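Engineer: Structure of the sequence below:
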Amino acid sequence: MFLNKSFPYNISLRVHIFIGITLGFFVLFILFFLEPFDSGSSDFSFKTIYLTGYGVMTFFMYFIIHLFSAIYYKKAKVWKLFEEIIFCLFFIISVIIIAFFYTEIIINKNPERLNLNHFFGWFKVIFFGFGTLLFISAILLRKRYTRTKVQDKSEDLTKEDLIKNITISGSLKKESFQVDQTNLVYVKSENNYVSIFYFEENLLKEKLLRSTLSNIQKQLPLFVKIHRSYIVNPDFTLSLKGSKQNAKLYLKKTEHSIPVSQPFFETVHTLLNHPK
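Structural biologist: Below is the predicted model:
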């Protein structure tokens with residue numbers, strides 16, 4: 001589905017402060033130079049200061065909503081086009097609502113117009129005109145900046161990035177696999193090969209290497225052995241179901257379940273109930 005397409009997300013506060021300021025100045029540019037809704041011909045005291053308020057509220061609403069989106073992203077660890085559209089719509093709607101009260105109470109000094117009929121008429125005009133431009137500008141700005149960051153990533157890796165990226169080597173000299181270890185889910189042994197399951201762009205993928213499970217576990221010391229044929233990333237463990245004789249471990253963000261051998265049952269049970 002189109003809306004399930006992965007969309008780049010940047011959690012940097014500095015980035016979003018810049019985007020918020022840019023959107024604020026974009027609003028001011030429209031008000032002062034394009035003069036929509038006769039804002040140029042309107043004559044009232046402290047006009048410049050009052051109109052500047054729209055740019056300020058645009059910046060603050062964007063930044064506040066970004067903080068909530070960052071909390072969501074850190075928990076879900078996923079950001080798709082659907083989330084991006086919802087974020088931008090929520091941002092635009094919030095700005096328009098705040099602008100309505102600001103216009104009628106602060107600028108027009110006409111609180112009796114604070115009613116639903118007037119609001120819906122005002123909202124429709126602003127949303128499908130001014131709001132559409134702001135919506136498109138927000139998406140393009142966010143995508144363009146993040147795309148630039150991705151292009152420059154190879155030239156500007158942080159220490160954290162270097163720690164996360166790991167190269168897993170197979171039995172053959174030239175056979176290796178580089179991956180972000182935080183995306184590794186579990187490893188399954190199959191005869192003389194191992195299947196490494198990992199997430200890439202929010203999709204669970206599989207990499208086959210010629211190696212033994214013990215060799216892979218040496219390279220992934222934080223992984224936990226739960227079966228003679230399986231080791232798992234503790235960060236992806238979700239729940240343990242069944243008895244010692246027939247237990248299964250369920251994993252986060254995937255429908256996969258893994259058998260748990262009786263000797264490892266207590267280890268898994270302790271891991272789930274007393275995570276480090």
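Engineer: separation between Tyr50 and Val232?
Structural biologist: 59 Å (CB to CB, to the nearest Å). Any C-beta I mention is one placed from the backbone N, CA and C, and that applies to glycine too.
Engineer: sorry, that was for Glu266
Structural biologist: Distance, Glu266 to Val232, using CB to CB: 15 Å.
Engineer: Those two: which is more packed in?
Structural biologist: A direct count of neighbours by other CB atoms under 10 Å for Glu266 and Val232 places Val232 higher, at 25 against 10.
Engineer: tell me which element the closest residue to that one other than its chain neighbours falls in.
Structural biologist: Nearest residue to Val232, sequence neighbours excluded (CB to CB, 6 or more residues apart in numbering): Tyr186, at 4.2 Å. Using DSSP states H and E, the element containing Tyr186 is strand 184-190.
Engineer: tell me which residues in the longest helix along the chain are buried?
Structural biologist: Of all the segments of type helix in the chain, defined by DSSP state H, the longest one is helix 47-76. Within helix 47-76, the residues scored as buried using 16 or more other CB atoms under 10 Å are 50-55, 57-59, 61-63, 65-66, 69-70, 73.
Engineer: which residue ranges form the strands in the protein?
Structural biologist: Taking DSSP state E as the test, the strands found in the chain are 165-169, 176-180, 184-190, 193-200, 203-210, 224-227, 230-232, 237-241, 247-251, 257-260.
Engineer: Sketch out the low-pLDDT regions of the stretch 101-250 of the chain for me.
Structural biologist: Scanning the stretch 101-250 of the chain for pLDDT under 70 picks out 146-164, 173.
Engineer: what do you get if the cut-off is 80, keeping everything else the same?
Structural biologist: In the predicted model, the stretch 101-250 of the chain carries pLDDT under 80 at residues 145-165, 173-174.
Engineer: Give me whichever of the strands of the chain is most buried.
Structural biologist: When the strands of the chain are scored by mean count of other CB atoms under 10 Å, the highest mean neighbour count falls to strand 230-232 (a mean of 22).
Engineer: so what secondary structure elements neighbour it?
Structural biologist: Where contact means 3 or more CB pairs under 8 Å, 6 or more residues apart in numbering; DSSP states H and E, strand 230-232 is packed against strand 184-190, helix 213-219, strand 224-227, strand 257-260.
Engineer: Using PDB, list the CA coordinates for the last one.
Structural biologist: By that I understand strand 257-260. Output in PDB follows, covering the C-alpha atoms of strand 257-260 (Å, rounded to 0.1, in the frame of the first residue of the first chain):
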ATOM      1  CA  SER A 257       7.600 -17.500  17.100                       C
ATOM      2  CA  ILE A 258      10.600 -19.500  18.100                       C
ATOM      3  CA  PRO A 259      10.700 -22.800  20.000                       C
ATOM      4  CA  VAL A 260      12.400 -22.700  23.400                       C
END
